[in-house]
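Asks: Sharing a model that was predicted from the sequence below.
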Amino acid sequence: MKNNFKYIIATVSIIALLIIAYLTFNNVEPVSKTGYYLDTICTITVYDMKEKDANKVIEKGFETCSYYENLLSKTIKTSDISKINGAKGEWVTVDNDTLELINKGVYYSDLSEGTFDITVGRLTDLWDFHAENPKVPKEIDIEDAVKHIGYEIIAIDENEIKLVDPDAKIDLGGIAKGYIADKVSETLEDEGVISAVVNLGGNIVTIGKKNGENDFVIGIERPYSDMTEVIGTVSVSDSTVVTSGVYERQFEYEGTVYHHILDINTGYPILSDVEAVSLVSNKGMSVDCDALSTICLLLGSEKGMEIIEDTDDMEALFITTTGEYIFSDGFKFNEK
């Protein structure tokens, strides 16, 4: 009888917790805030907390953005990356997170056989896509920058890193946003969030389900629509969705359009049949999706899809320059 009573109490307690959770989700409005970090617009939305608590958590999420930006940006003089780039081949002691991301960058540089390369910094310095009147760099400067690209020149000894070529530069722009999106999501979960969306300029992470019940519906942007149109949606929970496209940063100069996905062999924008790619994977893999989306733009649809199909828990949608949609086998797309 005593055991039965304990069982009844436990069952009632579980039901009560479920009721409280249900009422909590259904009596709070989502709280969303936007900031400018990582050279892009970032938005964090929390669905399961009252406004005061959600605002505190979101602020911690943005603090995480700022922390990692100051650690990993090549344009911030005090960052680990700037210290490596300015060390002229000398060893630099770096933070564990910097070490982790550089190792990840080397891995994807190797996976792409150098097509994606995190030592592209001298080349990206030349192409200023944010200038008021952007111009194509001088050919002689591009030719010189290309000579100093090669991920093999990164030497790592525990927490010390150096560039064997003292004139080379690291640029983590093709992978850092995804890494930071994963870290922001971890921060929110550590603060007790169980339903949220982190959007760092197209690197999206969903935590749990929307209001604890339904999948989040994430729109896939129509290329060149300036984020005003979608071609369809994906429904996800505890996932990451990353979309990259050549249209994100570009300018026209003397009748030719130049975009920001650069070919390390020529130093100029890559010629590829892929206009945009959207990747879907598990929460915690935004860093991988970030690197792979750039790799897919660089390699084109055929080679890019081969890599995606060989990667566990990764699905893709390619939009080609002719407007064709190419899906991986498991990509679940709701076309508009």
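Replies: Nice, thanks for sending it over. Numbering: from 1, shown residues only.

Asks: from the chain's centre, how far out does the host helix or strand of Ala181 sit?
Replies: For Ala181, the element it lies in under DSSP states H and E is helix 176-190. Relative to the chain's own centre, helix 176-190 is displaced by 10 Å; criterion: CA atoms, centre = their mean, to the nearest Å.

Asks: where does this protein have low pLDDT?
Replies: The chain contains residues with pLDDT under 70 at 1-27.

Asks: ranges for the helices of it?
Replies: 2-26, 51-72, 80-85, 96-111, 121-126, 139-146, 176-190, 286-299, 301-309 (DSSP state H).

Asks: Format these as JSON lines; extra columns: mean neighbour count and distance to Tyr247.
Replies: C-beta: built from backbone N, CA, C; applies to glycine. Converted to JSON lines, these look like this (neighbours: other CB atoms under 10 Å; distance: least, CB to CB, whole Å):
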{"stretch": "helix 2-26", "mean neighbour count": "10", "distance to Tyr247": "37"}
{"stretch": "helix 51-72", "mean neighbour count": "18", "distance to Tyr247": "24"}
{"stretch": "helix 80-85", "mean neighbour count": "22", "distance to Tyr247": "27"}
{"stretch": "helix 96-111", "mean neighbour count": "18", "distance to Tyr247": "23"}
{"stretch": "helix 121-126", "mean neighbour count": "20", "distance to Tyr247": "18"}
{"stretch": "helix 139-146", "mean neighbour count": "15", "distance to Tyr247": "22"}
{"stretch": "helix 176-190", "mean neighbour count": "23", "distance to Tyr247": "17"}
{"stretch": "helix 286-299", "mean neighbour count": "26", "distance to Tyr247": "11"}
{"stretch": "helix 301-309", "mean neighbour count": "17", "distance to Tyr247": "16"}
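
Asks: Tell me which of those sits nearest to Asn214.
Replies: Of all those, helix 2-26 sits nearest to Asn214, with 10.5 Å by CB to CB.

Asks: For the spatially closest residue to His148 that is not a sequence neighbour, list the residues it contacts.
Replies: Using CB to CB, 6 or more residues apart in numbering and skipping the chain neighbours, the partner closest in space to His148 is Ala168 (4.4 Å). By CB atoms under 8 Å, 6 or more residues apart in numbering, the contact list for Ala168 reads 85, 119, 121-122, 148-150, 153.
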